[in-house]
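Novice: how would this look folded up:
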Amino acid sequence: MSKENKKALPADIGSDYSLPGRYEEGNSSYFDTVSDEPTPKSRGIWIMAIAFVIISGGFFTYYFANQSDIDSRIIQNSLTIDPERILADRYNVGEFGSEHSHAAITVFVNGELINFGHSKFQLTSKYIHFENHNPYLIHKHATGVPLEMLFASMGMELTSECFILNSYSDSETGRFCSNEDQILSFYVNGKPYNSDLSQYVFEHDDRILISFGDSELILGQLAYLESLKIYDVPKKIPRYSGDGITI
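Specialist: Purely as a prediction, here's the structure:
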């Protein structure tokens with residue numbers, strides 16, 4: 001055999017890929033074309049992603065179309081969960097039992113006295129409440145408790161201009177606000193109180209009048225308030241179990 005024949009390599013033909021040293025090239029899978037068809041797993045991922053986008057888009061469309069209603073429900077639900085705790089934190093109210101004092105309060109609407117002796121108005125807050133079906137005597141069991149907490153615990157609201165029987169309702173019914181013909185007036189110990197009474201922290205033996213309507217009726221309402229007995233504070237410490245309050 002000539003020297004030229006010894007140096008010549010075999011021609012590249014289909015069977016040459018099986019020669020030693022060319023295993024990788026000879027492996028037919030090495031040349032397989034990658035399939036463009038998605039696998040069942042990847043199809044599932046895409047379907048889930050598309051569904052998420054559609055659902056999210058629907059949610060945000062609904063939210064922005066009903067934002068005010070949703071936000072008001074969130075706020076109302078927050079208050080429903082624990083309105084007392086929210087207000088106690090806001091006003092930095094003292095620990096339960098850090099104070100015990102009594103005051104008399106009367107609320108007149110168009111000459112009619114609101115009866116807080118009804119069971120739904122009794123023991124609505126551990127910090128400030130009516131009890132024993134008494135319709136006018138407030139019990140306060142912590143320092144720094146404003147009157148707002150009393151009314152909020154009963155679902156009411158008091159501002160400098162309005163007394164609202166149902167603070168969760170947007171209805172005009174039950175909203176008594178000062179106008180040209182009728183005035184919302186506040187008195188503490190027989191004297192006009194011209195600030196926001198809802199922020200007032202009463203002291204023992206205070207007498208508080210809230211009157212909406214004819215101002216000519218106020219003198220008679222003050223006389224009635226003055227006639228009410230304010231009981232002495234018992235010496236024993238009240239206990240709050242979480243389910244009720246005992247004195």
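Novice: list the contacts of I114.
Specialist: The contact partners of I114, by Cβ atoms under 8 Å, 6 or more residues apart in numbering, come to 107-108. The C-beta positions use only the backbone N, C-alpha and C, and glycine is treated the same way.
Novice: repeat that with 10 Å
Specialist: Contacts for I114 (Cβ atoms under 10 Å, 6 or more residues apart in numbering) come out as 105-108, 121, 135-136, 156, 163, 165, 210.
Novice: most neighbours among those, which one?
Specialist: Of these, F163 is surrounded by the most neighbours, 25 neighbours in total, counting by other Cβ atoms under 10 Å.
Novice: I45 versus the closest residue to that residue other than its chain neighbours, what's the distance?
Specialist: Closest residue to F163 apart from its sequence neighbours, by Cβ to Cβ, 6 or more residues apart in numbering: F176 at 4.8 Å. Distance, F176 to I45, by Cβ to Cβ, to the nearest Å: 61 Å.
Novice: look at those two and report which has more neighbours.
Specialist: More crowded of F176 and I45, by other Cβ under 10 Å: F176, with 18 against 11.
Novice: distance check, the more buried one against M48.
Specialist: If you go by Cβ to Cβ, the gap between F176 and M48 works out to 56 Å.
Novice: how about the contacts of I114 in CSV, adding secondary structure and pLDDT?
Specialist: Output for the contacts of I114, formatted as CSV (DSSP: H, G, I helix; E, B strand; the rest coil; pLDDT from 0 to 100):
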residue, secondary structure, pLDDT
I105, strand, 98
T106, strand, 98
V107, strand, 98
F108, strand, 98
F121, helix, 96
P135, coil, 97
Y136, coil, 98
M156, coil, 95
F163, strand, 97
L165, coil, 94
I210, strand, 98
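Novice: between the residues you listed, which sits nearest L228?
Specialist: Closest approach to L228 among those (Cβ to Cβ): Y136, at 5.5 Å.
Novice: ok, residues contacting the strand or helix carrying the residue nearest to F163?
Specialist: Per DSSP states H and E, F176 falls inside strand 175-177. With Cβ under 10 Å, 6+ apart as the test, strand 175-177 has contacts from 107, 109-110, 157, 159, 161-167, 169, 182-184, 210, 212-213.
Novice: buried subset of those, written for PyMOL?
Specialist: Listed next is the PyMOL selection for buried residues among the contacts of strand 175-177, using 16 or more other Cβ atoms under 10 Å:
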select buried, resi 107+109+157+163+164+165+167+184+210+212+213
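Novice: can you tell me which of the contacts of strand 175-177 are in strands?
Specialist: Within the contacts of strand 175-177, residues falling in strands by DSSP state E are 107, 109, 157, 162-164, 183-184, 210, 212-213.
Novice: just send those residues back as CSV, with distance to H100 too.
Specialist: Supplementary listing: the ones in strands among the contacts of strand 175-177 in CSV, determined by distance: Cβ to Cβ, whole Å:
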residue, distance to H100
V107, 23
V109, 30
E157, 26
C162, 31
F163, 27
I164, 29
I183, 34
L184, 30
I210, 23
F212, 30
G213, 34
